[in-house]
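>>> based on what follows, work out the 3D shape:
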Amino acid sequence: MTRGGRYVRGAAGIAAVGLIAGGLVACSPDDPPEPTGSSTATTSAEPSETETETPSPTASESETPTLTPEEQNIEAAKATVVEYYAAQAEVGAANFENWAATLLPYWGTVELTDYWGSVFAQAETDQLRTEGTASVEDFRATPTPGVDGRPSVQVTYCENNEAVRIYLPDGSEIPKAGQPRTSYSAVIEHRESGNWVFITLDQTKADGC
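Here you go, the predicted model:
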């Protein structure tokens, strides 16, 4: 494989992270009406027709949907995938320095650690740098029994790295090879420490999703 081509699918997998800033609009309530002048006329104590009671929230409005344990696991697995690609973006933008401290916690087997660790270690040695983000699309997940009863989730997704650029130390860009979208299959498992890790991470289709 030509120089730099190895990193197009490995080091270039970066998830999109967006920050949305919201503004708060302050509204001042209308001033209360000024009291009218005194009157000698006798008035009844009956409420006026304009007074209304605030309706109590219905059961459907006050209840928050509760996720099943399986649904919670799927949400956690998806969050792990997104966080993993965001972590790749972080180390890639910093010339892959200190990649181990950031990425090692995501790999749950020796095989994954050895393979992907060699990819990022080489990127650091070659002083590569990345710009742009990739997105995780078409995410699908199915809970699985896991090992020793640990919760795990089988996932498939499409990595779209069309916006990612990889640069050599002299500033020249490494040309991309093949399609920008790649299909992946993975098993993500929950550990006693509380984090979720990749048990498998396989490229299933390199020529598009």
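>>> CA atoms for contacts and neighbours, from now on please.
Noted.
>>> quick one: classify Ser183 as helix, strand or coil.
Secondary structure, DSSP: H, G, I helix; E, B strand; the rest coil: Ser183 is strand.
>>> contact partners for it?
Neighbouring residues of Ser183 by C-alpha atoms under 8 Å, 6 or more residues apart in numbering: Thr156, Tyr157, Cys158, Glu159, Gln203, Thr204, Lys205, Ala206, Gly208, Cys209.
>>> report the next helix or strand after the host helix or strand of Ala123 in sequence order.
Element membership of Ala123, judged by DSSP states H and E, is helix 110-125. The helix or strand immediately downstream of helix 110-125 is strand 129-131, counting by DSSP H and E.
>>> after that following strand comes which helix or strand?
Counting by DSSP H and E, what follows strand 129-131 is strand 135-144.
>>> ok, residues contacting the following helix or strand past that following strand?
Next in sequence after strand 135-144, counting helices and strands by DSSP H and E, comes strand 152-160. Outside of strand 152-160, the residues within contact range by C-alpha under 8 Å, 6+ apart are 13, 73-74, 77, 134-146, 180-190, 209.
>>> what distance do you get for Glu131 to Ser183?
Glu131 sits 21 Å away from Ser183, going by C-alpha to C-alpha, to the nearest Å.
>>> pLDDT averaged over the helix holding Ala123 - what is it?
Over the span of helix 110-125, the pLDDT mean works out to 97.
>>> quick one: list the elements packing against that helix.
Packing partners of helix 110-125 (3 or more C-alpha pairs under 8 Å, 6 or more residues apart in numbering; DSSP states H and E): helix 99-103, strand 196-205.
>>> can I get the first one as PDB, trimmed to CA atoms?
Spelled out, it's helix 99-103. Presented in PDB, the C-alpha positions along helix 99-103 are these (Å, rounded to 0.1, in the frame of the first residue of the first chain):
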ATOM      1  CA  TRP A  99      -3.200   8.700  21.200                       C
ATOM      2  CA  ALA A 100      -2.800   5.800  23.600                       C
ATOM      3  CA  ALA A 101      -4.200   7.600  26.600                       C
ATOM      4  CA  THR A 102      -7.200   8.600  24.600                       C
ATOM      5  CA  LEU A 103      -8.000   5.500  22.500                       C
END
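>>> and Leu168, which of the helices and strands packed on helix 110-125 is closest to it?
Comparing the helices and strands packed on helix 110-125 against Leu168 with C-alpha to C-alpha, the closest turns out to be helix 99-103 (17.4 Å).
>>> I'd like the next helix or strand past the lowest-mean-pLDDT helix or strand in the chain.
Within the chain, no helix or strand scores below helix 59-62, which has a mean of 53 by mean pLDDT, DSSP states H and E. Heading C-terminal from helix 59-62, the first helix or strand you meet, by DSSP H and E, is helix 69-93.
>>> specify the angle between that following helix and helix 110-125 in degrees.
Note on geometry: by axes from the mean of the first three to the mean of the last three C-alpha atoms, to 10 degrees, helix 69-93 and helix 110-125 are set 30 degrees apart in direction.
>>> thanks again, I'm all set now.
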